[in-house]
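A.B. asks: Kindly generate the corresponding structure for this input.
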Amino acid sequence: MIRVDEDGQAVVVGKAKPQLSVTQGAGSEPTEFEKRAFVRLFLERYLTFSAPNVTRNWAESLNMMTANLRRAAYAGMQKENLVGKIQDDQTNSEVQLRTLEAAKDDPLTFTAFGVKEVHHIHDHSETIDKIVSELHVRLAVEKRSEQNPSGLLIGEYWERAIEGEKRDWVLQQAGLNSPQ
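C.D. replies: Below you'll find the model as predicted:
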């Protein structure tokens with residue numbers, strides 16, 4: 001179960017929050033390495049899940065977002081009952097990121113291409129979807145703190161399925177079979 005408090009903080013009910021320490025000064029800017037690692041961690045937490053760990057993964061990824069994006073994402077999750085559907089259908093999602101590049105004109109915006117393999121079991125039948133996606137992430141920078149040692153937050157996120165030659169190229173680069 002995910003609980004979002006009045007400040008927009010998401011927590012898994014009954015789980016303790018890990019304590020982190022700041023290794024760089026509170027006023028230092030995040031490095032390119034930190035930005036890329038933060039984006040990759042967010043995408044892996046948000047897009048890779050199973051029925052037993054979806055609440056934990058999504059709570060952790062929601063806490064990586066700005067408060068306004070977190071509220072909007074959580075409201076969408078609740079409205080669509082996504083956690084319930086994932087648990088009912090025993091859904092597993094695994095993402096394999098192929099590329100992750102910073103935008104040339106904005107060092108806080110990243111584009112990734114990846115392949116999600118989503119397994120559903122409903123009425124004793126399994127379906128497997130292989131979705132090739134373009135993933136867009138824009139970071140926001142705040143002052144580093146013990147609660148946010150990187151000083152980074154996800155300010156914007158969207159994904160879009162891609163088709164055609166670009167889809168085939170991503171699948172080939174990811175070392176996966178030809179499109180179904």
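A.B. asks: From now on I want contacts and neighbour counts done on CA atoms only, so please keep to that.
C.D. replies: Noted.
A.B. asks: quick one: the longest strand along the chain to chain centroid distance?
C.D. replies: Counting residues, the longest strand found in the chain (DSSP state E) is strand 125-141. Centroid separation for strand 125-141 versus its chain: 8 Å, with C-alpha atoms, centre = their mean, to the nearest Å.
A.B. asks: For the helix or strand that comes right after it, buried residues please.
C.D. replies: For strand 125-141, the succeeding helix or strand toward the C-terminus, using DSSP states H and E, is strand 152-161. Neighbour-count burial for strand 152-161, counted by 16 or more other C-alpha atoms under 10 Å, picks out Leu152, Leu153, Ile154, Gly155, Glu156, Tyr157.
A.B. asks: do the same with stretch 101-119
C.D. replies: Quick answer for stretch 101-119 (16+ other C-alpha under 10 Å): 102, 108-119.
A.B. asks: what's the span of that stretch, first residue to last?
C.D. replies: The straight-line separation of the ends of stretch 101-119 (C-alpha to C-alpha, to the nearest Å) is 28 Å.
A.B. asks: Am I right that Lys116 is in contact with Glu94?
C.D. replies: Yes - using C-alpha atoms under 8 Å, Lys116 is in contact with Glu94, at 5.5 Å.
A.B. asks: quick revisit: can you redo the buried residues of strand 152-161 as TSV with pLDDT?
C.D. replies: TSV is the format used below for the buried residues of strand 152-161 (pLDDT from 0 to 100):
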residue	pLDDT
Leu152	97
Leu153	98
Ile154	98
Gly155	98
Glu156	98
Tyr157	97
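A.B. asks: Within the sheet, what are the partner strands of the longest strand of the chain, with directions?
C.D. replies: Paired neighbours of strand 125-141 in the sheet (DSSP bridges): strand 109-122 (antiparallel), strand 152-161 (antiparallel).
A.B. asks: Tell me which residues of it come out buried.
C.D. replies: For strand 125-141, a neighbour-count test (16+ other C-alpha under 10 Å) marks Lys130, Ile131, Val132, Ser133, Glu134, Leu135, His136, Val137, Arg138, Leu139, Val141 as buried.
A.B. asks: Please report the distance of the closest residue to the first one other than its chain neighbours from Ser50.
C.D. replies: Closest residue to Lys130 in three dimensions, ignoring its sequence neighbours and counting by C-alpha to C-alpha, 6 or more residues apart in numbering: Glu117, at 4.6 Å. Distance of Glu117 to Ser50, given as C-alpha to C-alpha: 12 Å.
A.B. asks: And for Ser150?
C.D. replies: With C-alpha to C-alpha as the criterion, Ser150 and Ser50 are 27 Å apart.
A.B. asks: And the two? Which one has more around it.
C.D. replies: Set Ser150 next to Ser50 and count neighbours by other C-alpha atoms under 10 Å: Ser150 wins out with 23 against 18.
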